[in-house]
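Trainee: Take this sequence and fold it.
(one chain, ligands or ions: 2)
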Amino acid sequence: MRQAYKPKPVNPVNPVKKMKYKHMKFGFSIHKDRQINLDIADRSVFHRVSLIEPSINRCIFCGGCSSTCSAGMFTDMSFRRVSLFLRRGMNKEAKELIKKCLLCGKCSMVCPRDINIRHTMIILKKEIDSL
Ligand code: SF4
Ligand code: SF4
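Mentor: Numbering: from 1, shown residues only. Ligands and ions are numbered 1, 2, ... in the order given. Next comes the predicted model:
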């Protein structure tokens with residue numbers, strides 16, 4: 001014989017306290033916070049490089065360099081991303097990309113802002129030991 005349904009006793013102060021939300025699927029999840037506080041980010045590498053090669057300040061992040069990058073054909077190398085990472089103080093992420101540059105100089109030939117990217121990469125390759 002079927003037993004009658006007996007609801008579990010709930011906490012009268014907070015009825016939802018004992019619910020286990022971590023096992024429930026809502027169809028979305030909360031992403032890790034990606035805010036960058038530029039007041040505390042370590043932008044020292046970017047400032048050092050821009051003192052030696054000031055043209056890096058002219059970057060408009062158009063992606064022309066990334067689309068012609070020789071290393072980018074086989075890896076995730078992109079000078080546009082390197083430039084962004086350094087401005088945001090994400091030096092470790094930039095370091096991983098800098099290591100992949102072949103110093104071929106194709107990016108410098110297509111940059112609409114006439115940035116000497118190859119020279120910038122040479123400086124950065126010397127700097128990455130401090131990253
Ligand atoms: S092509 Fe020049 S301006 Fe465009 S993202 Fe690359 S470095 Fe910046
Ligand atoms: S110099 Fe480096 S970043 Fe520029 S196209 Fe060559 S491999 Fe890519």
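Trainee: just how off-centre is stretch 87-100 within its chain?
Mentor: Averaging C-alpha positions (C-alpha atoms, centre = their mean, to the nearest Å) puts stretch 87-100 9 Å from its chain's average.
Trainee: buried residues in that stretch?
Mentor: For stretch 87-100, the neighbour count (16 or more other C-beta atoms under 10 Å) marks 87-91, 93-95, 97-98, 100 as buried. C-beta: built from backbone N, CA, C; applies to glycine.
Trainee: what's the answer for stretch 110-123, then?
Mentor: 111, 115-121, 123.
Trainee: Okay, and the closest residue to residue 84 other than its chain neighbours sits in which element?
Mentor: Closest residue in space to residue 84, ignoring its immediate chain neighbours: residue 61 at 6.6 Å, by C-beta to C-beta, 6 or more residues apart in numbering. Counting by DSSP states H and E, there is no helix or strand that carries residue 61.
Trainee: Which residues lie in contact with the residue positioned nearest the centre of the chain in this structure?
Mentor: The residue lying closest to the centre of the chain (C-alpha atoms, centre = their mean) is residue 85, at 6.0 Å. The contact partners of residue 85, by C-beta atoms under 8 Å, 6 or more residues apart in numbering, come to 91, 93-94, 97.
Trainee: Packing partners of the longest helix seen in the chain?
Mentor: The longest helix of the chain (DSSP state H) is helix 117-127. Using 3 or more C-beta pairs under 8 Å, 6 or more residues apart in numbering; DSSP states H and E, the elements in contact with helix 117-127 are helix 44-52, helix 79-87, helix 91-98, helix 106-110.
Trainee: Just the C-alphas of that helix, formatted as CSV.
Mentor: The C-alpha trace of helix 117-127 is given here as CSV (Å, rounded to 0.1, in the frame of the first residue of the first chain):
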residue,chain,number,x,y,z
ILE,A,117,56.8,45.9,-32.9
ARG,A,118,59.9,43.9,-33.6
HIS,A,119,62.0,46.3,-31.6
THR,A,120,59.4,46.2,-28.8
MET,A,121,59.5,42.4,-28.8
ILE,A,122,63.3,42.4,-28.6
ILE,A,123,63.1,44.7,-25.5
LEU,A,124,60.4,42.5,-24.1
LYS,A,125,62.4,39.3,-24.6
LYS,A,126,65.2,40.9,-22.5
GLU,A,127,62.6,42.0,-19.9
